[in-house]
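**Student:** Predicted model follows, preceded by the sequence.
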Amino acid sequence: MQATLATAEASAPTESSSSAVNWGPIIAGAFAASTLTVMLLLLGSGLGLSMVSPWSGAGASATTFAVSTAVWLVVVQWLSSGVGGYLTGRLRTKWVGIHTDETYFRDTAHGFLAWALATLLVAGVLGSALSAALGSGVQAVSTVAAGAATGASAGAASKDGSAFDSTSYYVDALFRPADLTKPVDADLQNEAAATAQASRILLATAANGGELAADDSAYLTQLVAARTGLPQADAKARVDAMMAKVKDAKIKAQQAADTARKAGATFALLGALSMVVGAFIASVAAALGGRQRDDEEATYLADR
């Protein structure tokens with residue numbers, strides 16, 4: 001009976017006093033991965049992957065920028081996660097008396113933890129700086145598009161610091177004299193009042209969706225005819241042409257804003273995909289590094 005109990009106690013599994021998680025290699029691999037991530041992101045910025053011009057025909061478009069940057073993020077995750085995971089696997093302490101499958105699982109988990117810690121380091125410590133470096137192009141497109149969309153109802157600052165009314169161009173176009181050689185009989189005070197009224201009409205029209213009311217159209221036509229000397233029909237044609245330009249500018253601004261939105265969505269989706277790739281690569285690299293560590297040690301002990 002005593003022999004049987006002794007045999008059962010000898011064959012019973014014993015719990016190890018040490019944790020299955022080696023935080024030293026995980027932290028080392030995370031620091032290596034985060035440092036390499038910063039280097040590669042700066043390299044991508046230097047190569048122009050974050051450069052996009054808000055002007056048509058100059059630089060990369062917002063869509064091209066988002067796709068190229070997201071592809072570069074996949075490459076960054078691939079390389080940095082691979083290096084960090086491999087170092088984590090090679091630097092961990094050898095586990096003795098556990099099954100090979102358990103060793104493989106622990107190495108995989110260590111690689112994943114190293115990737116997760118590196119991601120938190122990059123996002124928490126360097127997130128704002130990297131976002132500013134990589135997101136400047138898309139932010140520029142969004143800002144320009146938003147500014148164009150609200151240009152009819154908001155002001156901006158000119159280069160000399162003076163106030164600039166974004167409706168001034170359209171108002172000036174309305175009140176251009178029909179014949180510059182013949183001065184229009186109007187004093188400056190009345191001209192300023194007419195300009196102010198036209199500006200307020202345009203602002204109200206923009207606030208109401210861009211459709212010029214019939215009474216406002218008739219009043220603008222009378223103002224233009226009175227201030228420019230044009231016949232009533234020509235003044236009406238000028239008002240209609242000006243409103244067509246305003247609508248066309250609004251449509252282009254909305255298209256630019258939609259393009260920037262789609263580019264941002266594409267960038268976010270591919271960025272999430274790059275993180276999934278990074279987690280997978282880090283886990284596999286850690287398992288590979290751990291297996292090579294054990295194999296190298298076994299070969300060394302056999303040679304001795």
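**Tutor:** Cool, the structure landed.
**Student:** which parts of stretch 238-257 are buried?
**Tutor:** Under the neighbour-count criterion of 16 or more other C-beta atoms under 10 Å, stretch 238-257 has Arg238, Val239, Met242, Met243, Val246, Ala249, Lys250, Ala253, Ala256, Ala257 buried. (Each C-beta comes from the backbone N, C-alpha and C, glycine too.)
**Student:** Let me have these in a markdown table, extended by secondary structure and distance to Gly271.
**Tutor:** Below are those laid out as a markdown table (DSSP: H, G, I helix; E, B strand; the rest coil; distance: C-beta to C-beta, whole Å):
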| residue | secondary structure | distance to Gly271 |
| --- | --- | --- |
| Arg238 | helix | 49 |
| Val239 | helix | 48 |
| Met242 | helix | 43 |
| Met243 | helix | 42 |
| Val246 | helix | 37 |
| Ala249 | helix | 33 |
| Lys250 | helix | 31 |
| Ala253 | helix | 27 |
| Ala256 | helix | 22 |
| Ala257 | helix | 21 |
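**Student:** Tell me the one of the residues you listed nearest Ala282?
**Tutor:** When the buried residues of stretch 238-257 are compared for distance to Ala282 (C-beta to C-beta), Ala257 wins out at 37.3 Å.
**Student:** how near is that closest one to Leu220?
**Tutor:** Counting by C-beta to C-beta, to the nearest Å, the gap from Ala257 to Leu220 is 28 Å.
**Student:** One more: Leu40?
**Tutor:** Distance from Leu40 to Leu220, counting by C-beta to C-beta: 57 Å.
**Student:** And these two? Which one has more around it.
**Tutor:** Ranked by neighbour count (other C-beta atoms under 10 Å), Leu40 and Leu220 place Leu220 first, with 26 against 18.
**Student:** What strand or helix carries the more buried one?
**Tutor:** Using DSSP states H and E, Leu220 maps to helix 214-228.
**Student:** For that helix, list every residue counted as buried.
**Tutor:** Asp216, Ser217, Leu220, Thr221, Leu223, Val224, Ala225, Ala226, Arg227, Thr228.
**Student:** Adding pLDDT and distance to Lys262, write the residues you listed out as TSV.
**Tutor:** Below are the buried residues of helix 214-228 laid out as TSV (pLDDT from 0 to 100; distance: C-beta to C-beta, whole Å):
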residue	pLDDT	distance to Lys262
Asp216	78	35
Ser217	81	35
Leu220	81	37
Thr221	84	40
Leu223	80	41
Val224	82	40
Ala225	83	45
Ala226	79	46
Arg227	76	44
Thr228	78	43
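**Student:** Quickly name whichever of these is closest to Arg200.
**Tutor:** Using C-beta to C-beta, the buried residues of helix 214-228 come closest to Arg200 at Asp216, 9.8 Å.
**Student:** Pull up the gap between the residue nearest to that closest one when sequence neighbours are not counted and Leu47, please.
**Tutor:** Closest residue in space to Asp216, ignoring its immediate chain neighbours: Ile201 at 5.0 Å, by C-beta to C-beta, 6 or more residues apart in numbering. Ile201 is 50 Å from Leu47, where distance means C-beta to C-beta.
**Student:** hmm, back to that, show me what the helix holding Leu220 is packed up against.
**Tutor:** Counting contacts by 3 or more C-beta pairs under 8 Å, 6 or more residues apart in numbering; DSSP states H and E, helix 214-228 packs against helix 168-174, helix 188-207, helix 232-303.
**Student:** Just want the angle from that helix to helix 232-303.
**Tutor:** Counting by axes from the mean of the first three to the mean of the last three C-alpha atoms, to 10 degrees, helix 214-228 lies at 110 degrees to helix 232-303.
**Student:** So Ile201 and Leu47 - more neighbours on which side?
**Tutor:** More neighbours surround Ile201 than the other of Ile201 and Leu47, with 20 against 11 (other C-beta under 10 Å).
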